[in-house]
Structures are given as structure tokens and as C-alpha cells.
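A.B. asks: Quick one, structure for this:
(one chain, ligands or ions: 1)
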Amino acid sequence: MIKENDFPSISNADKPNAGRIYDYILGGNHNFEIDRMAAQKVLELLPFAPQLFRLIRWFLREAVMRLSSQGYKHFIDFASGLPTMDHIHEVTPKGTKVIYSDIDSVVVAYAHDIIKDNPDVKFVHCNAGVPEELLDSDIPEQLFGNNRDAAVGFNGIAYFLPDDKVAHFMRTLYDWTGDNAKLFFCDTDAPENPKEDLQRFLEIYKKLNQPVYSRKKEKMLELIKPWKVDDPGIMLLEDWVDVKTKVTEELTGKWQGGGIYGAILKK
Ligand SMILES: C[S@@+](CC[C@H](N)C(=O)[O-])C[C@H]1O[C@@H](n2cnc3c(N)ncnc32)[C@H](O)[C@@H]1O
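C.D. replies: Residues are numbered from 1 along each chain as shown. Below you'll find the predicted structure:
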């Protein structure tokens, strides 16, 4: 059984970490020199990475605000990264309960330092490929009671998991949640032949022990079953209403013929 505080101290900063690199590129300040050095390599190869990463967080913000306005008060989020920069508990009304999780123990330890003793928020260790680690723990009941009509976050993680793990995640969450649950996610629609800079970017993530899996949107639509796509459909992130107001010309079309698309799913 997972325990919330079973993790190493945040001083464990001898290796760059994908979550803290993401935080740095988003403009956050929860990162170390070693992360900033790795982030500089990412930025040399993909100078538009800050806009790209922000796009993912802007979509999360829009999906969460839509779900919150539909009445969702319980959020359970996988592969959260650090709970900063417009993350769920920062954009939902006070009293909304949020369970965040991440596979990286350094991110978990750092996150505890950030959320402190907020009674509405938990941050636990969980591999999104094995969501039972979290679902079978007593954390959901502690925060949500018996209500499982939750909004589930699976944002910016599908491309870090192979197909069978994505399918397992979708099925497991479908079975665990209540009939009115919803789930939001985004994934990349990878270009057929990535150019050299994109390939080198993918190499950096492989070295961070975080390989990136490319799949076509059609494949992802198979993997989400039995969830169904809810309104307004599955769309490129820059086409979502609230995201659209933030995107600059500079970003459009940079993903070399692919793109990142997102959707909210229902039962
Ligand atoms: C792109 S970032 C965070 C995305 C965040 N959900 C958002 O929408 O802004 C990816 C995070 O996924 C975490 N991660 C990678 N593989 C994971 C896995 N198998 N299970 C859980 N977390 C994972 C990394 O540690 C990192 O913090």
C-alpha cells in the first residue's frame, strides 16, 4: 500500500528530472541547476518548446475549468508533474478535492513541499501505467468518500506510455469510476518522418529514461475505448476556445506536420 510520505527528500537533485525540466520550461521556479542545463539542451533543439509545453498546460486548464463548470468537484490526476503554473487546484473553486500523482519520487517529494497541509489536495506516487497503485489505496476514499463520479486527468502522459499501458489505464479508470465520470487527455499525432532536431529531442527524453511513443490519432481513438469522445470533440489543442486566445502565430504548425490534440471523454 502506498503511503503519502514514503519518498526521498527534494534534495535528491543529482539527476535532471522530466517533471522539473517541464516546470522550468513552463516558467516555474521548482527546478535545480541540473534540470536547467538539461532544459537548455531541449531549448536548443526545439526553441518553441516553451510554447508547446504551455499549450499542454493551457489545455489542462481549459478542460479542468469546463469540467468544474459542469459541477465536477473531485479530480484525480495522473502524471501531474509539479502542482504549479495553473494546475488543477489553482484554477478550480476552493473546496474542490484534487488527488495528483506522478511516477517520479522527486516530483512527489517536491510537490509535498509545494502543497503543504492543504486539506483538499493530496499528491501521491503512482505509475500511470498501473493506476491500481492509486485506485486501490485508501487515498480516494479519504478525499472523495464513496463518490466516484470524478474527473480524471491523463494529460501529457499518453506519449510516455506504450499502447497496452494506455489501453489498460483507460479500461481500469472506466471500470473504477462512476457512471458520470469524465476523463481528459492529450496526445501527439506524430509526424511520419520526424526531422533531425525532433529526433534529437526524442533522444534526450530516452536518456532521461523517459522514451516517447509516437502514435497516430486513429490508434489513440481505439485505445480510449470504451470511453466516448464528449463535446466539443477531439481537436488540436490550439483550436480549444480558451487556448486559442493564448496561442501566437509563432506556434502554429511547428510540430512538423503532426500536432497535439486533446479531448474530454464520457461514458
Ligand atoms: C508532461 S509532464 C506533466 C504533464 C501534466 N499532466 C500537464 O498536463 O501539464 C509529464 C510528467 O509525467 C511524469 N511521468 C512520466 N511517466 C510516467 C508514468 N509512467 N506514470 C506517472 N507519471 C509519469 C513525469 O515524471 C512528469 O512529471
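
A.B. asks: Show me where the stretch 101-250 of the chain has its strands.
C.D. replies: Along the stretch 101-250 of the chain, the segments classed as strands by DSSP state E, counting those that start in this stretch run 121-125, 151-155, 182-189, 228-229, 235-236.

A.B. asks: Can you add distance to L161 and mean neighbour count and give those back as a markdown table?
C.D. replies: C-beta coordinates here come from the backbone N, C-alpha and C atoms, glycine included. Output for the strands of the stretch 101-250 of the chain, formatted as a markdown table (distance: least, C-beta to C-beta, whole Å; neighbours: other C-beta atoms under 10 Å):
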| stretch | distance to L161 | mean neighbour count |
| --- | --- | --- |
| strand 121-125 | 16 | 23 |
| strand 151-155 | 9 | 26 |
| strand 182-189 | 10 | 24 |
| strand 228-229 | 19 | 12 |
| strand 235-236 | 21 | 18 |
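
A.B. asks: which element follows the helix or strand bottoming out on mean pLDDT in the chain toward the C-terminus?
C.D. replies: Every helix and strand in the chain was compared by mean pLDDT, DSSP states H and E; the lowest is helix 241-244, with a mean of 71. Next along the chain after helix 241-244, taking DSSP states H and E as the criterion, comes strand 259-266.

A.B. asks: now the strands of the stretch 101-250 of the chain in TSV, with mean pLDDT and distance to M220?
C.D. replies: Below are these laid out as TSV (pLDDT from 0 to 100; distance: least, C-beta to C-beta, whole Å):
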stretch	mean pLDDT	distance to M220
strand 121-125	96	26
strand 151-155	98	11
strand 182-189	92	5
strand 228-229	98	11
strand 235-236	90	13
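
A.B. asks: From F78, how far out is the most centrally placed residue in the chain?
C.D. replies: Geometric centre of the chain, nearest residue: N155, 3.3 Å, by C-alpha atoms, centre = their mean. The span separating N155 from F78 equals 8 Å under the rule C-beta to C-beta, to the nearest Å.

A.B. asks: Surely the residue nearest to the centre of the chain touches D187?
C.D. replies: No - judged on C-beta atoms under 8 Å, N155 makes no contact with D187 at a distance of 9.3 Å.

A.B. asks: Quick check on I25: phi, psi?
C.D. replies: Main-chain dihedrals, I25, degrees, to the nearest 10: phi -70, psi -30.

A.B. asks: Could you measure from it over to P211?
C.D. replies: Distance of I25 to P211, computed by C-beta to C-beta: 19 Å.

A.B. asks: the more surrounded of the two?
C.D. replies: I25 (22 against 14; other C-beta atoms under 10 Å).

A.B. asks: That one touches A39, doesn't it?
C.D. replies: Yes - with contacts counted by C-beta under 8 Å, I25 reaches A39, the gap being 5.5 Å.

A.B. asks: follow-up on the earlier one: and the strands of the stretch 101-250 of the chain as a markdown table, adding distance to M170?
C.D. replies: Shown next, in a markdown table, are those (distance: least, C-beta to C-beta, whole Å):
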| stretch | distance to M170 |
| --- | --- |
| strand 121-125 | 20 |
| strand 151-155 | 8 |
| strand 182-189 | 8 |
| strand 228-229 | 11 |
| strand 235-236 | 19 |
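
A.B. asks: need these in JSON lines with distance to the ligand, can you?
C.D. replies: Output for these, formatted as JSON lines (distance: least, C-beta to the nearest ligand atom, whole Å):
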{"stretch": "strand 121-125", "distance to the ligand": "9"}
{"stretch": "strand 151-155", "distance to the ligand": "3"}
{"stretch": "strand 182-189", "distance to the ligand": "7"}
{"stretch": "strand 228-229", "distance to the ligand": "19"}
{"stretch": "strand 235-236", "distance to the ligand": "16"}
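
A.B. asks: Tell me which of those sits nearest to L134.
C.D. replies: strand 121-125 (6.0 Å; C-beta to C-beta).

A.B. asks: Skip the chain neighbours and tell me the closest residue to D14.
C.D. replies: Ranked by C-beta to C-beta, 6 or more residues apart in numbering and with sequence neighbours excluded, the top spatial neighbour of D14 is I34, at 7.0 Å.
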